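>>> sequence first, predicted coordinates after that:
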Amino acid sequence: MSTIVRFFQDGGAFMYPILFVFAVGVAIAIERWMFLTVSGASNRSLWKKIVPFLKAGNFQEAAAVTSKSKAAIGSILTYGLYRIKSARRRDDIEKAMEESLMEVLPRLEKRTHYIATLANVATLLGLLGTIIGLINAFTAVSNANPADKADMLSASISVAMNTTAFGLMAAIPLLLVHALLQTKTNGLVDSLEMASVKFLNAVTERQLKHGA
């Protein structure tokens, strides 16, 4: 623990903004992970509830369930269910659901891109801290005793490099978390699109039977 504290203190003032950027990135990552996890669970739960209604052709009852839900899939299916009465073609229902999906997507992707930006900011702050540290080191060494210049310069450079190291230590986990969240978001979007196709197939099959 003392080594970590000494490493942080030796890094200078730029260690604090890097720490702040890292903390903000972690907070966003936790919030997004929880949101996506809850959203995925609520989508699966709602889909299980309405599948029996879709198979039975009870679209009004299905619409009553989806309209009360706050799940992302609820909004998409509600658009499609309300469009069944007026739509004559499958494409009309599909377009209505695509419109709803475009409204839902920003909520799923919200703030995730900030994590990658914060990772880049942490790296750049580390480099900036190192450069300023090196400038200060060379300035101090220029007025020092020639016999002590080498030792002072090597010590100053090692301290200055701490900010770059800390910046990378903050950036690498943030980039990994960003990739995980992107994968989780894409999986959620894929599940919504798959549910939409299954819904459209169920509606089309029911209409064909009814027409027959």
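Looks like it came in fine. Numbers count the residues shown, from 1 in each chain.
>>> now the longest helix along the chain, how far from the centre of its chain.
For the chain, the helix reaching the highest residue count under DSSP state H is reported as helix 149-211. From the chain centre to the centre of helix 149-211 is a distance of 6 Å (Cα atoms, centre = their mean, to the nearest Å).
>>> how about stretch 52-67?
Its chain's C-alpha centre and that of stretch 52-67 lie 32 Å apart, by Cα atoms, centre = their mean.
>>> what are the contacting residues of that stretch?
Stretch 52-67 is contacted from outside by 46, 49-50, 73-75, 77-78, 81-82, 84, 199, 202-203, 206, 210, using Cβ atoms under 8 Å, 6 or more residues apart in numbering. Any C-beta I mention is one placed from the backbone N, CA and C, and that applies to glycine too.
>>> at 7 Å instead, please
Contacts with stretch 52-67, where a contact means Cβ atoms under 7 Å, 6 or more residues apart in numbering, come from 46, 49-50, 74, 77-78, 81-82, 84, 199, 202, 206.
>>> which among those count as buried?
Buried residues within the contacts of stretch 52-67, counting neighbours by 16 or more other Cβ atoms under 10 Å: 46, 50, 74, 77-78, 81-82, 84, 199, 202, 206.
>>> what about those, which are in helices?
Among the buried ones among the contacts of stretch 52-67, the residues falling in helices (DSSP H) are 46, 50, 74, 77-78, 81-82, 199, 202, 206.
>>> how about JSON lines for those, with distance to residue 171 and pLDDT added?
Below are those laid out as JSON lines (distance: Cβ to Cβ, whole Å; pLDDT from 0 to 100):
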{"residue": "46", "distance to residue 171": "38", "pLDDT": "90"}
{"residue": "50", "distance to residue 171": "43", "pLDDT": "88"}
{"residue": "74", "distance to residue 171": "38", "pLDDT": "87"}
{"residue": "77", "distance to residue 171": "40", "pLDDT": "86"}
{"residue": "78", "distance to residue 171": "41", "pLDDT": "85"}
{"residue": "81", "distance to residue 171": "46", "pLDDT": "81"}
{"residue": "82", "distance to residue 171": "46", "pLDDT": "80"}
{"residue": "199", "distance to residue 171": "42", "pLDDT": "85"}
{"residue": "202", "distance to residue 171": "47", "pLDDT": "80"}
{"residue": "206", "distance to residue 171": "52", "pLDDT": "69"}
